[in-house]
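**Q** I'll drop the sequence and a predicted model, then ask my questions.
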Amino acid sequence: MDYFDRFAIPHPSPAIYASMVAIGLTVVAIIFGLTYFKKWGYLWREWLTTVDHKRIGIMYLISALIMLFRGGVDAIMMRAQTAVPDNKLLDAQHYNEVFTTHGVVMIIFMAMPFIYALMNVVVPLQIGARDVAFPRLNALSFWLFFMGAMLFNISFVIGGSPDAGWTSYFPLAGNDFSQSVGTNYYMLSIQIAGIGTLISGINFTTTIFKMRAPGMTLMKMPMFTWTALITNAIVLFAFPVLTIALLLGTMDRLFGTNFFTMTNGGMDMLWANLFWVWGHPEVYILILPAFGIYSEVISTFSRRNLYGYKSMVGSIVIISFFSFLVWTHHFFTMGQGPLTNSIFSITTMAIAIPTGIKIFNWLLTMRKGSIKFTVPMLYSVGFIPIFTIGGVTGVMLGMASADYQYHNTMFLVAHFHYTIIPGVVFAMIAGLTYWWPKMFGFMLNERIGKWAFWFIAIGFNVTFFPMFFTGLDGQARRMYTYSEATGFGPLNMLSFAGAIVLMIGFALIVYNVYYSTRYASRNISADPWNARTLEWATHSPVPSYNFAITPQVNSIEALWDHKKKGQPLFSGPIEKIHMPNNSGVPFIMSCIFFVWGFSFVFSMWIPAIITTIGIFVCMAHRSFEKDDGYYISVKEIEDTEKECEVQSR
Amino acid sequence: MSELFPRKQVMGFVFSLVLTAAALTVYFMDLSFAVGMTVLLVTAFVQAAVQLVVFMHAGETDDKVAIYMNIYYGVAIALVTIFGTLLILVWDM
């Protein structure tokens, strides 16, 4: 039985045993449910093998929401632990594991799939395409992300969670200081999910460059598509750095190389450097699609076209280039000289200029507009002041000499939550609410949605604003407890109270989904918000082929000008449509990747070799497979169109 | 027949073999670190250019501009990353 000792948890606690039981019961319940309701075939045919961008988007969305709640539970545990001085709820080791997994889950397994969920659903529709350029690679992207996320999530019941922070700095993350397999999980699961992201980057860049509807030049693309294009370009250039950093880190941990060690010529600081060469562009990978969503929402609900379209495009292009020039500001205190810090201080502050242009463009879009405060608009308007607080404190942190005071304190934690939560989470909820009718054919309840917004906006500020003060008073981040004499107690308790309010807000969103699924009217038009871009020109929910006739685009706001100026959008007869076939290979290959990653985590070489061969067999199978797709006949399209029109009447 | 003969590709293939041989000499000859690295870097970049232009057909389609823009952007990012890293960890540490 010695062989199986490696799977044991190094620091067990009742909570972890309870999670083991809960996971086991959930798996049994899912298997039983699928068998009892005879849904295995449906699941396989309609979801696991699908290459339809809309379904892949929905699967991304579900995964992201599940991960949001996993990361949210971690957050509540941290706030509960630090709510009172000398708390014994979590010990130091568990606290380390909790903040590490909170960071990784929220960035890699919540925010990333959330932006890819919306990109998948919206981008092909906005550019009038039938699907993405490589539908099967798209399925592979999703399943690789999903398996990476699952691999990361089993770490806390098998072998132990990573505990070296989401940045996983060496030498702490090296074998000397992190002996459990936790950091192996970190390296391999992010690697697998990262391959998926890189594939998506190639896929979406190609899609946007090559598959736009006739007439849609680059400068006639909707703003969300523009941000998606730039985001995926950043993915293409930033993720290879992460891939290599993780590979080197894995080699250090599993094969005894010395890239990031402190002896034998290794350089531990090189990890921090490479991590942030990827990490800073990653921040913009998250925020740019959010900017795109806000542009769409603000323009739609102000009943005005987007102010300064060209300057918006220019500023995102500049942001994407600057994002590669600022990474040192994450480690001003590492020991490099004042020259380096000055250079990176200046580039950091320069990035506030294009961001400021965007903020002013949104404000000017709303000026003299007839504003309707729907739920997506509330999040967009709430975003502007809250994000500005995050941006201003960011400029404070960007001053290298002052950063010696702020770095590693709760001030920093408050700052980046003030940018990421309004910048990403608000945008994702806004986008989710805005495009929900397009995905599912009914709208989310506005009243519950507004309640959720106020709970989230107020809860968020109550949680994170006190951290600015405790941080300036010297409370270090990642400290699992503190003594009463420090005086941090009351503000941390306030923070915990805010976290509870925030949690209620998210629970309300879940309740809203449940409530609206049961009671919302299915009798809505294809364009319920009176919107301006092409995705609203087809039916809701969208038929598998997206548009019966390829749209002809003449302006930036193709649908708006179609509605208001009578520009023709769909002309010509219906023709048969070529569609890609479903395939089980992406799912199977990703399952093999899961076992591959698991084998490497535990250094089990025989399964590692077998699964490596399996991965190559899947790729060879694809190379020799003849798959010409299929055609949807004209009659079938006409029937579907008629059915959709009857439904929406 | 002569216009069907892939002259460019054959020449490119021979040239890439020559570049490989030149890089290999660094191992067999007793060169200083600076000279050896220079030879390796130069042959590596020329090799990459030959592969891109001759065998991966960059510049033969309408996408020429987009493809070269992408390559230049990638090179720019790589140079910034490498020289930035050298600045942080070696020159200014």
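**A** On my side now, so go ahead.
**Q** rest of the way, CA atoms for contacts and neighbours
**A** Noted.
**Q** pLDDT below threshold where in the chain?
**A** Here I'm looking at chain A. For chain A, the stretches with pLDDT under 70 are A:1, A:647-649.
**Q** hmm, no, I was thinking of chain B.
**A** Applying pLDDT under 70 to chain B picks out residues B:1.
**Q** centre-most residue in it?
**A** Centroid-nearest residue in chain B: residue B:45, 2.1 Å away (criterion: C-alpha atoms, centre = their mean).
**Q** burial measure for whichever residue of the stretch 201-350 of chain A sits closest to chain B, as a count.
**A** For the stretch 201-350 of chain A, the residue closest to chain B is residue A:336, as judged by C-alpha to the nearest C-alpha, at 4.3 Å. A count of nearby residues for residue A:336, using other C-alpha atoms under 10 Å in any protein chain shown, gives 18.
**Q** how about the one 10 residues further on?
**A** When neighbours are defined as other C-alpha under 10 Å, residue A:346 has 15 of them.
**Q** likewise residue A:202?
**A** For residue A:202, the tally of surrounding residues (other C-alpha under 10 Å) stands at 18.
**Q** also residue B:29?
**A** Using other C-alpha under 10 Å: residue B:29 sits among 9 other residues.
**Q** and it, how close does it get to residue A:366?
**A** Distance of residue B:29 to residue A:366, computed by C-alpha to C-alpha, to the nearest Å: 70 Å.
**Q** again with residue A:578
**A** The value you get for residue A:578 to residue A:366, if C-alpha to C-alpha is used, is 42 Å.
**Q** okay, now the domains of chain B?
**A** Under the assignment automatic domain parsing, the domains of chain B span B:1-56, B:61-93.
**Q** who wins for proximity to chain A among these?
**A** Nearest of the domains of chain B to chain A, taken as C-alpha to the nearest C-alpha: domain B:61-93 at 4.3 Å.
**Q** and that closest one, is it in reach of chain A?
**A** Yes. For domain B:61-93, a contact with chain A is found by C-alpha under 8 Å from any C-alpha of the partner chain, at B:74, B:77, B:80-81, B:85, B:87-89, B:92-93.
**Q** thinking again about what came up before, isn't the residue of the stretch 201-350 of chain A closest to chain B up against residue B:89?
**A** Yes. If you go by C-alpha atoms under 8 Å, residue A:336 and residue B:89 touch, sitting 7.0 Å apart.
**Q** anything in contact with each of the two?
**A** When C-alpha atoms under 8 Å, 6 or more residues apart in numbering or on different chains defines a contact, no residue borders residue A:336 and residue B:89 alike.
**Q** please enumerate the helices of chain B.
**A** B:7-28, B:33-50, B:64-86 (DSSP state H).
**Q** could those helices be laid out in TSV, adding distance to residue A:326?
**A** Formatted as TSV, the helices of chain B follow (distance: least, C-alpha to C-alpha, whole Å):
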stretch	distance to residue A:326
helix B:7-28	35
helix B:33-50	27
helix B:64-86	10
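**Q** re the thing from before, make sure the residue of the stretch 201-350 of chain A closest to chain B is indeed in a helix.
**A** No. Looking at residue A:336 with DSSP: H, G, I helix; E, B strand; the rest coil, it is coil, so not inside a helix.
**Q** these two touch, right, residue A:141 and residue A:196?
**A** Yes. Shown here, residue A:141 and residue A:196 form a contact pair, counting by C-alpha under 8 Å, at 3.9 Å.
**Q** what about the two, which has more around it?
**A** Neighbours were counted for residue A:141 and for residue A:196 using other C-alpha under 10 Å; residue A:141 has more, 27 against 24.
**Q** relative to chain B, how far out is that one?
**A** From residue A:141 across to chain B, the span is 22 Å (C-alpha to the nearest C-alpha, to the nearest Å).
**Q** how about that residue, secondary structure?
**A** Counting by three-state DSSP, the backbone at residue A:141 sits in helix.
**Q** how close does it sit to residue A:628?
**A** Per C-alpha to C-alpha, residue A:141 is found 21 Å from residue A:628.
**Q** try residue A:333
**A** In this view, residue A:333 and residue A:628 are 57 Å apart by C-alpha to C-alpha.
**Q** who has more neighbours, the two?
**A** Neighbours of residue A:333 and residue A:628, each counted by other C-alpha under 10 Å, are more numerous for residue A:333; the result is 17 against 10.
**Q** torsion angles phi and psi at residue A:166?
**A** phi -70, psi -20 (degrees, to the nearest 10).
**Q** kindly apply the preceding question to residue B:31 instead.
**A** Residue B:31 adopts backbone torsions of phi -100, psi 160, taken as degrees, to the nearest 10.
**Q** what's near enough to touch residue A:516?
**A** Residue A:516 is in contact with A:442-445, counting by C-alpha under 8 Å, 6+ apart.
**Q** try it again at 6 Å.
**A** Residues in contact with residue A:516, defined by C-alpha atoms under 6 Å, 6 or more residues apart in numbering or on different chains, are A:444-445.
**Q** could you measure from it over to chain B?
**A** In terms of C-alpha to the nearest C-alpha, residue A:516 sits 45 Å off from chain B.
**Q** that older thread, find the nearest non-adjacent residue to the residue of the stretch 201-350 of chain A closest to chain B, please.
**A** Leaving out its chain neighbours, the residue that sits closest to residue A:336 by C-alpha to C-alpha, 6 or more residues apart in numbering or on different chains is residue B:93, at 4.3 Å.
**Q** up against chain B, what does chain A have?
**A** A:336-337 (C-alpha under 6 Å from any C-alpha of the partner chain).
**Q** returning to what we had before: out of residue A:578 and residue A:366, which sits in the busier spot?
**A** Neighbour count, other C-alpha under 10 Å: between residue A:578 and residue A:366, residue A:366 has more, with 22 against 14.
**Q** quick one: the residue nearest to the more buried one when sequence neighbours are not counted from residue A:425, how far?
**A** Setting aside the residues directly before and after it, residue A:366 is nearest to residue A:302 in space (C-alpha to C-alpha, 6+ apart), at 5.5 Å. Residue A:302 sits at a distance of 22 Å from residue A:425 (criterion: C-alpha to C-alpha).
**Q** over to residue A:282?
**A** Residue A:282 sits 15 Å away from residue A:425, going by C-alpha to C-alpha.
**Q** chain center to stretch B:74-87, what's the gap?
**A** Chain-centre distance of stretch B:74-87: 16 Å, with C-alpha atoms, centre = their mean, to the nearest Å.
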